[in-house]
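Asker: coords please:
(one chain, ligands or ions: 1)
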Amino acid sequence: MREFTYKSRDGEVRVLINVNHEECLRGLLSNYTGCAAFVSRSIPGAVKVGCPVMVIDDGESGKDINTVLNIIKWVHGLGLDRDGVFIGVGGGSVLDVVGFSASIYLRGVDYVNVPTTTLSMVDAALGGKTGVNALGIKNVIGVIRQPRAVIIDFSFLDTLPMQNYVDGFAEVIKYGVTMDEELLEYVIGNKDALLSRDGEALEWVVYRSLINKARVVERDELDRGGERVVLNYGHTVGHAIESATGFSISHGRAVAAGMICEARVGVRLGYTSPDVPKTLTHSLGSYGLITRIDIAGAIGSIINAVTRDKKRSGNYLKLPVVTDVGRWELVKVGIGEFTRLVIEECRSIP
Ligand SMILES: NC(=O)c1ccc[n+]([C@@H]2O[C@H](COP(=O)([O-])OP(=O)(O)OC[C@H]3O[C@@H](n4cnc5c(N)ncnc54)[C@H](O)[C@@H]3O)[C@@H](O)[C@H]2O)c1
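Answerer: The predicted structure is shown next:
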């Protein structure tokens, strides 16, 4: 078991790793007048802590404004007041939609994240980015508001299909390649233990991933042009791939392809060591995260999505670029140049 806290403008956030979620939740709930739990449709019986439970359709199709309205209607019917708490139990899609609903219900109530996928354990549960997709655009509606606690119970991973399980390693490899070479080496060197879901190896990787993310969030919580942009490495192209393919490719695999593409573009721009795309291809490939994506067929939509990317400033994108494994810098690239290099470098991945 590991525990740490991080500071935010909403107060201190507790992060508990490799714990029993029901024991932890029971301890927390005594601070509130009421609770409402929102649980992924994949694990409907997951939480038995005495809160009313609403089952949520997860995946990108459930991450929309109608789900938010249904949640708000339901909790309002329950009479949950401003001293109540929402508990989100699911993958990143459920946590994003529940966190967003909590942030706007009665102008904001507390929420607790209980992630149930590897990706949500190492990334989505921490950092306070909440939101939904709309107009075919990923996360176009949302706010930044921190959870009160993140409770990580590895027993949820017992039912998670392998394809979803490995998705989270795209984000772990992202932390490694951008800011933590030791983490990347560990993930490459302990692949067998991690793929067999060994608790000790997982605990270290989840802890190290979340500590990296938490320290970045503490320094640039609101993502105002500071360090937090690094967490978006691979996501400019990754989100574009997700949108262009109608979200038929998982977030983890889209980010994996996005990182390889952005690394190749970085090499062409003269910032990135040629070792970086090679290391990414090797590490992501060893976790089965490289999917052949028909970028050529989706290039128009990708350009469209890139030009609407939230990192755009006028005719430029401000992108995190990995210079060498474990090091990155912020680079301003013209949108025209960036899209031209994406077309030239990323038609075929790997
Ligand atoms: N807010 C953030 O900071 C942040 C960061 C990264 C990703 N995200 C978002 O997270 C989402 C991706 O998250 P994800 O990869 O967890 O996907 P997901 O939430 O879509 O879940 C993937 C699948 O796993 C199933 N599932 C969940 N838990 C399960 C379990 N324990 N056993 C069996 N099946 C289970 C779900 O039903 C779903 O089919 C994307 O929408 C992405 O944008 C948000």
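
Asker: didn't Gly90 look like it was pressed against Val47?
Answerer: No - using CB atoms under 8 Å, Gly90 makes no contact with Val47, being 10.3 Å away. For glycine as for every other residue, the C-beta is placed from the backbone atoms N, C-alpha and C.

Asker: which helices and strands does the longest helix that the chain contains pack with?
Answerer: In the chain, assigned by DSSP state H, the helix with the most residues is helix 199-219. Secondary-structure packing of helix 199-219 (3 or more CB pairs under 8 Å, 6 or more residues apart in numbering; DSSP states H and E): strand 2-8, strand 11-17, helix 162-179, helix 181-189, helix 191-195.

Asker: Lys138 against Ser243, yeah?
Answerer: Yes - if you go by CB under 8 Å, Lys138 and Ser243 touch, sitting 5.7 Å apart.

Asker: before we move on, the earlier item: quick one, which of the helices and strands packed on helix 199-219 is nearest to Tyr105?
Answerer: Closest of these to Tyr105 is strand 11-17, at 18.1 Å (criterion: CB to CB).

Asker: which strands border the closest one, and is each parallel or antiparallel?
Answerer: strand 2-8 (antiparallel), strand 149-152 (parallel) (DSSP bridges).

Asker: name the residues of the stretch 1-150 of the chain found near the ligand, please.
Answerer: 40, 42-43, 58-60, 63, 90-94, 96, 116-117, 119-120, 123-124, 127, 129 (CB under 6 Å from any ligand atom).

Asker: again, 8 Å this time
Answerer: 40-43, 46, 58-60, 63, 90-96, 99, 115-120, 123-131, 133, 138-139 (CB under 8 Å from any ligand atom).

Asker: winner for burial among the strands paired with strand 11-17?
Answerer: Highest mean neighbour count among the strands paired with strand 11-17 (mean count of other CB atoms under 10 Å): strand 149-152, with a mean of 26.

Asker: what's that one in contact with?
Answerer: Strand 149-152 is contacted from outside by 13-19, 21, 24-25, 28, 112-115, 121, 125-126, 206, 210, using CB atoms under 8 Å, 6 or more residues apart in numbering.

Asker: how far away from the center of its chain is it?
Answerer: Between the centre of strand 149-152 and the centre of its chain there are 15 Å (CA atoms, centre = their mean, to the nearest Å).

Asker: can I get the CA coordinates of it in CSV?
Answerer: Extracted C-alpha coordinates of strand 149-152, given in CSV (Å, rounded to 0.1, in the frame of the first residue of the first chain):
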residue,chain,number,x,y,z
ALA,A,149,-9.5,11.5,-3.0
VAL,A,150,-8.3,8.9,-5.5
ILE,A,151,-8.7,5.3,-4.2
ILE,A,152,-7.0,2.6,-6.2
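
Asker: contacts only, for the residue nearest to Arg219 when sequence neighbours are not counted.
Answerer: In space, and not counting its chain neighbours, Arg219 is closest to Glu227: 5.0 Å by CB to CB, 6 or more residues apart in numbering. Glu227 makes contact with Val216, Arg219, Asp220, according to CB under 8 Å, 6+ apart.

Asker: cutoff 10 Å now
Answerer: Met179, Arg215, Val216, Val217, Glu218, Arg219, Asp220, Pro320, Trp328, Leu330 (CB atoms under 10 Å, 6 or more residues apart in numbering).

Asker: which of the residues you listed come close to the ligand?
Answerer: Counting by CB under 8 Å from any ligand atom, no member of these is near the ligand.

Asker: for the residue in the stretch 201-350 of the chain positioned nearest to the ligand, what are its contacts?
Answerer: Nearest residue of the stretch 201-350 of the chain to the ligand, counting by CB to the nearest ligand atom: His251, 4.1 Å away. The contact partners of His251, by CB under 10 Å, 6+ apart, come to 60, 91-93, 117, 119, 123-124, 138, 167-168, 170-171, 235, 238-239, 241-242, 258.

Asker: so which of these belong to strands?
Answerer: Counted as lying in strands by DSSP state E, out of the contacts of His251, are Lys138.
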